[in-house]
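Task: produce atomic coordinates for the following.
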Amino acid sequence: MNVIETIYKRRSIRNYLDKQVEKDMIITLLKAATAAPTAANCQPWEFIVIDKAEKLSELKDKLIFARYNAPVAIVVCGNMKLSFKGPNQEMWVQDCSAAIENILIAATSIGLGSIWIGIYPLESNIRALKKILNMPEYVTPLGIVYVGYSAEEKEARTRFNDKRVYWQEYEPNRKHKTKDKPVIGHY
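Numbers count the residues shown, from 1 in each chain. From the prediction side, this is the model:
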């Protein structure tokens, strides 16, 4: 499978087989994460890998939108001591988002399913996760990526919509169909 096919095949998987993910596969995902671009090479990311049933249950208990049966959770965090200082500090969000996307694509490429659960900027979710994982104040969880062997098959796709593509400049009078979106914490 080439890179473009892998990107199209990547889908949010919400149902997993009761099968552990091998440690070397998890390391592969973490290596892919750290191959992501990062502003000024700050590399503000840190990762908490959870593969123990008790800790996964605690996550599911405290985060109602994160109740999937995946055997592994990778919490992607930004360490503010490693990020830009001052007005550029929020660049950590982009750096860690790129790391998450690399995990998702890498998981698909090695035959695993995954889903991104958004944590930041929802303060109640940040607090809950920091408490569960004993995180210091200067580390902020951006999201959780659940990973495992998929128990469901989804078709490859793209959501390309030429009405959302502009050439040379934005056209503010262009009409779009809009839908009200529910407030949820995953992508």
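
which strands and helices sit next to the longest helix along the chain?
Longest helix in the chain by number of residues (criterion: DSSP state H): helix 91-109. For helix 91-109, the packing partners by 3 or more Cβ pairs under 8 Å, 6 or more residues apart in numbering; DSSP states H and E come out as helix 3-9, helix 23-33, strand 45-50, strand 72-79, strand 113-118, strand 139-148. C-beta here means a position set from N, CA and C on the backbone, and glycine is covered the same way.

can I get the ones you listed in JSON lines with mean neighbour count and mean pLDDT?
Formatted as JSON lines, these follow (neighbours: other Cβ atoms under 10 Å; pLDDT from 0 to 100):
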{"stretch": "helix 3-9", "mean neighbour count": "13", "mean pLDDT": "96"}
{"stretch": "helix 23-33", "mean neighbour count": "16", "mean pLDDT": "98"}
{"stretch": "strand 45-50", "mean neighbour count": "19", "mean pLDDT": "98"}
{"stretch": "strand 72-79", "mean neighbour count": "23", "mean pLDDT": "98"}
{"stretch": "strand 113-118", "mean neighbour count": "23", "mean pLDDT": "98"}
{"stretch": "strand 139-148", "mean neighbour count": "24", "mean pLDDT": "98"}
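
Show me the one of these that comes nearest Ile64.
strand 113-118 (11.0 Å; Cβ to Cβ).

got the angle between that closest one and helix 23-33?
50 degrees (axes from the mean of the first three to the mean of the last three Cα atoms, to 10 degrees).

Just send the helices and strands packed on helix 91-109 back as TSV, with distance to Arg164 too.
Shown next, in TSV, are the helices and strands packed on helix 91-109 (distance: least, Cβ to Cβ, whole Å):
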stretch	distance to Arg164
helix 3-9	17
helix 23-33	28
strand 45-50	29
strand 72-79	27
strand 113-118	21
strand 139-148	24
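
I'd like to know which of these lies nearest to Ala128.
strand 139-148 (9.5 Å).

what packs against the closest one?
Using 3+ Cβ pairs under 8 Å, 6+ apart, strand 139-148 sits against strand 72-79, helix 91-109, strand 113-118, helix 123-133.

swap the cut-off to 10 Å and go again
Under the contact definition 3 or more Cβ pairs under 10 Å, 6 or more residues apart in numbering; DSSP states H and E, strand 139-148 sits against helix 23-33, strand 45-50, helix 53-62, strand 72-79, helix 91-109, strand 113-118, helix 123-133.

How far off centre is it?
6 Å (Cα atoms, centre = their mean, to the nearest Å).

And for stretch 143-162?
Here stretch 143-162 is found 12 Å from its chain centre; the criterion is Cα atoms, centre = their mean.
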